[in-house]
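Trainee: Here's my sequence, what's the structure:
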Amino acid sequence: MDNPMPILLVPGLGGSPRIYAPVVPQLWRFGPVTVANHVRDDNLGAIARRILAEAPPRFALAGHSMGGYIAFEILRQAPHRVAKLALINTQARPDTPEASERRRGLIARARAGQYHDVLDELFPGFVHPSRRDDADLRQLVHDMGDDIGAEAFVRQQTAMISRADSRSTLTAITCPTLVLTGDEDNTIPNALSVEMADRIPGAKLVIIPHCGHLPQPERPQASADALVEWLRI
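Mentor: Next up is the predicted model:
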């Protein structure tokens, strides 16, 4: 391309660069691709500041799940640096009290040496119901968990408990925006993606069929197609 745009990808909870591996080859032609490090701090403000300090001056930003929460924080801190935005299987709402209480339980178990048990417990909510016996996807979740480690998992859960409500900021987003989700996401229901797309001016909503919370490995071609179309805008 004549004017390549750097692309910054942010994984979700327990995620590592592996989550984007199925789609990255098709993104490189639009510009250099970087996967952000989101494991070093226990609050979203600090996570976003570190990512911005290491990021190009201006970039296309894609955030998956927790990565979407980080993307909203990046927009709060430096909206002028985000040229395009993709929100993948995420939401703009804050944690509910029930969700926060569950996170605290997962934190306690991870600290008690039950980290892989926690990953196994989370797995069914990460994938389409038809893939709950998919050994490769389960292994991917464990491999990514090992990439970041239990201590980083605890920091990420802590950061999400205190995240802000981003719904009031949606109408202020002016860059080209893709909202991507699966039709059977049992972790963040796609109704919350519809909510975001309805409020962000000009946003495009893509709901991938036969897909859960991990569209990149579950439906790689459909995910790549949606991201390529977004980058072409």
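
Trainee: residue closest to the middle of the protein?
Mentor: His64 (1.4 Å; C-alpha atoms, centre = their mean).

Trainee: next one: phi and psi at that one?
Mentor: The phi and psi values for His64, taken as degrees, to the nearest 10, are phi -100, psi 120.

Trainee: looking at it, it is touching Val10, isn't it?
Mentor: Yes: look at His64 against Val10 with C-beta atoms under 8 Å: they come within range, at 6.8 Å. In short, each C-beta sits where N, CA and C put it, glycine included.

Trainee: any common contacting residues for those two?
Mentor: The contact sets of His64 and Val10 do not overlap (C-beta atoms under 8 Å, 6 or more residues apart in numbering).

Trainee: list the buried ones in the lengthiest helix in the chain?
Mentor: Longest helix of the chain, by residue count under DSSP state H: helix 135-161. Residues of helix 135-161 classed as buried under the neighbour-count rule (16 or more other C-beta atoms under 10 Å) are 137-138, 140-142, 144-145, 147-148, 150, 152-157, 159-161.

Trainee: Next: stretch 94-103.
Mentor: For stretch 94-103, by 16+ other C-beta under 10 Å, it's Pro94, Asp95, Arg103.

Trainee: Need these in a markdown table (columns: pLDDT).
Mentor: Below are the buried residues of stretch 94-103 laid out as a markdown table (pLDDT from 0 to 100):
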| residue | pLDDT |
| --- | --- |
| Pro94 | 98 |
| Asp95 | 97 |
| Arg103 | 98 |
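
Trainee: just the angle between the strand or helix carrying Arg49 and helix 135-161, please?
Mentor: For Arg49, the element it lies in under DSSP states H and E is helix 44-54. Angle of helix 44-54 versus helix 135-161, following axes from the mean of the first three to the mean of the last three C-alpha atoms, to 10 degrees, is 110 degrees.

Trainee: Need the contact partners of helix 44-54.
Mentor: 8, 10, 36-38, 40-41, 69-70, 73-74, 76-78, 81, 159-160, 162-164.

Trainee: one more time with 7 Å, if that's ok
Mentor: Residues outside helix 44-54 that contact it (C-beta atoms under 7 Å, 6 or more residues apart in numbering): Ala36, His38, Arg40, Asp41, Tyr69, Ile70, Glu73, Ile74, Gln77, Ala78, Ala159, Arg163.

Trainee: Over to stretch 136-151?
Mentor: The contact list for stretch 136-151, computed with C-beta under 7 Å, 6+ apart, reads 14-16, 18-19, 39, 110, 115-116, 119, 123, 126-127, 131, 153, 214, 217.

Trainee: Kindly provide the whole-number mean pLDDT of that stretch.
Mentor: Averaged across stretch 136-151, pLDDT comes to 98.

Trainee: Could you list the low-pLDDT ranges of this structure?
Mentor: Along the chain, the model assigns pLDDT under 70 to residues 1-2.

Trainee: Sitting in strands, which of the buried residues of stretch 94-103 do you find?
Mentor: Among the buried residues of stretch 94-103, no member falls in strands (DSSP state E).

Trainee: re the thing from before, which of the residues in the helix holding Arg49 are buried?
Mentor: For helix 44-54, the neighbour count (16+ other C-beta under 10 Å) marks Leu44, Gly45, Ile47, Ala48, Arg49, Ile51, Leu52 as buried.
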